[in-house]
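J.: Take a look and give me a structure for this.
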Amino acid sequence: MKGNIANKNNDPELIQRFKNGDITGFNEIVRKYQQQVYWVVRKMVQDHDEADDITQEVFIKVHSALKDFREESNLFTWLYRIATNYSINHLKKTKVRNTVSVELVVEPIESNEKGADEEIDEERKRKYLMEAIETLPAQQRAVFNMRYYDQLPYDEIAEILGKSTGGIKANYFHAVKNLGEYLKGKIEL
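T.: Take a look at the predicted model:
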């Protein structure tokens, strides 16, 4: 995600336009951030349709709350927080322990570079990795995704989730420990 985050330079202008009654300000915010919000959700919820529905719910929430946004954090951090919270709540409600599909997490295998045995071994590792991530509690999964895949700093994750930096570090540590325990004996680490 780092480096892919949309240019935030005109966010205050878009927010102000919306607050002044110009709906095009909100429409531009949606166009600017919809794909990024979708992928935040998709990392937590494997199913495309569910992720799409949650993304829509996020923007409905944003539409109703944007007039009260105090701009104490940047707009994308606020959107990321809302998307993550909606995803966590969805996982808690449905007790679904899914995450991003392996194809989105792990680099694809170059078939011309590896033999058939190596390809089967890599596929097996991907399967175990996906299973391991699915076993994480929703909060640990969110922190793990933000830190490991999005490479966000701990303080930004803390701001997004409204938690302490120490608590976020502990969540990440426990997520990595849990993943390691799950994968121990299944694959060579």
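J.: chain center to the helix or strand encompassing Gly167, what's the gap?
T.: Using DSSP states H and E, the element containing Gly167 is helix 165-183. On the basis of C-alpha atoms, centre = their mean, to the nearest Å, helix 165-183 sits 16 Å off its chain's mean C-alpha point.
J.: same thing with stretch 178-189?
T.: The answer for stretch 178-189 is 23 Å, by C-alpha atoms, centre = their mean.
J.: which residues sit in contact with the residue nearest the centre of the chain?
T.: The chain has Val40 as the residue nearest its centroid, 3.0 Å off, counting by C-alpha atoms, centre = their mean. Val40 makes contacts with Tyr80, Ala83, Thr84, Ser87, as judged by C-beta atoms under 8 Å, 6 or more residues apart in numbering. In this view, the C-beta of every residue, glycine as well, is placed from N, C-alpha and C.
J.: from those, which would you call buried?
T.: Using 16 or more other C-beta atoms under 10 Å as the burial test, those include Tyr80, Ala83, Thr84, Ser87 as buried.
J.: Now the element after the helix or strand of the chain with the lowest mean pLDDT, going C-ward?
T.: Sorting the helices and strands of the chain by mean pLDDT, DSSP states H and E puts helix 102-105 at the bottom, at a mean of 40. Using DSSP H and E, the next helix or strand after helix 102-105 towards the C-terminus is helix 116-134.
J.: who's in contact with the nearest residue to Tyr38 once chain neighbours are set aside?
T.: In space, and not counting its chain neighbours, Tyr38 is closest to Thr55: 4.6 Å by C-beta to C-beta, 6 or more residues apart in numbering. The contact partners of Thr55, by C-beta under 8 Å, 6+ apart, come to Gln34, Val37, Tyr38, Val41, Ala83.
J.: quick one: what helix or strand has Thr55 in it?
T.: helix 48-65.
J.: got the buried residues for that helix?
T.: Glu50, Ala51, Ile54, Thr55, Glu57, Val58, Phe59, Val62.
J.: of these, closest to Asp121?
T.: Using C-beta to C-beta, Ala51 comes nearest to Asp121 of the buried residues of helix 48-65, at 29.9 Å.
J.: Domains of the protein: list them as residue ranges, please.
T.: Structural domains assigned to the chain are 1-99, 110-189, following automatic domain parsing.
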